[in-house]
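>>> curious how this folds, go ahead:
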Amino acid sequence: MPEAKKARAVGFNHLAIEVGDIDEALEFYGRLFDFKLRGKSSDAAFIDLGDQFLALQKGRRQAPDDGRHFGLVVDDKEAVRAALKEAGVAVLPGRFLDFLDPWGNRIEIVGYDNIQFTKAPNVLRGMGLSHLAKKAQALAELRNKGMAPD
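Model prediction:
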């Protein structure tokens, strides 16, 4: 019997994390990041990331994350490091810029310039981030996959 055609995963539309309180979560993340709110209810909030979004959902009950995490791409990693320090949020040990939010979600901060992840030029323009550029190593990795920007 022939194998059924499989869909190919092509990216993320959004990521949802659980928090204890929506307003507290927006206040916490607002101390660390400049963001636009896509929408909000009493049980959820949606932070716009251009053509993607981060969903905050009320109801975190599990223990804090250890290795499980997600990498949040930012335009200025050092600005996040400074904001974490100013907010009194501990950076976790290791070679990456990881921290736990008040509900135990582990987040790794990743600089846009240093990774393969790429926003389309029209999306960057719409986000007011047309000035962002990739480092040589990130461009080489993209080039090796036939994905380097023109």
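>>> residue 51 and residue 28, how far apart?
24 Å (C-beta to C-beta, to the nearest Å). Every residue, glycine included, has its C-beta placed from N, CA and C.
>>> which of those two has more neighbours?
Taking neighbours as other C-beta atoms under 10 Å, residue 51 and residue 28 compare with residue 28 leading, 18 against 13.
>>> go through the helix or strand harbouring that one and flag the buried ones.
Using DSSP states H and E, residue 28 sits within helix 22-32. The neighbour-count check on helix 22-32 (16 or more other C-beta atoms under 10 Å) flags 22, 25, 26, 28, 29, 32 as buried.
>>> now the residues you listed as a markdown table including distance to residue 84?
Shown next, in a markdown table, are the buried residues of helix 22-32 (distance: C-beta to C-beta, whole Å):
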| residue | distance to residue 84 |
| --- | --- |
| 22 | 21 |
| 25 | 16 |
| 26 | 17 |
| 28 | 11 |
| 29 | 12 |
| 32 | 7 |
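>>> give me the nearest residue to residue 19, chain neighbours excluded.
residue 25 (3.9 Å; C-beta to C-beta, 6 or more residues apart in numbering).
>>> revised request: answer the last question for residue 36.
Nearest to residue 36 is residue 48, by C-beta to C-beta, 6+ apart, at 4.4 Å.
>>> need the contact list for the residue most central in space within the chain.
Central residue of the chain (C-alpha atoms, centre = their mean): residue 72, 2.2 Å from the mean position. Residue 72 makes contact with 54, 107, 108, 109, 110, according to C-beta atoms under 8 Å, 6 or more residues apart in numbering.
>>> and the strand or helix carrying the second one, what's buried?
Pointing back at residue 107 there. Using DSSP H and E, residue 107 maps to strand 106-111. Neighbour-count burial for strand 106-111, counted by 16+ other C-beta under 10 Å, picks out 106, 107, 109, 110, 111.
>>> among the residues you listed, which one sits closest to residue 129?
The closest of the buried residues of strand 106-111 to residue 129 turns out to be residue 111 (C-beta to C-beta; 12.5 Å).
>>> tell me what the closest one is bridged to.
Beta-bridge pairing of residue 111 under DSSP bridges involves residue 74.
>>> contacting residues around it?
Residue 111 touches 73, 74, 75, 76, 77, counting by C-beta under 8 Å, 6+ apart.
>>> same question, residue 45
22, 25, 26, 37, 39, 55, 56.
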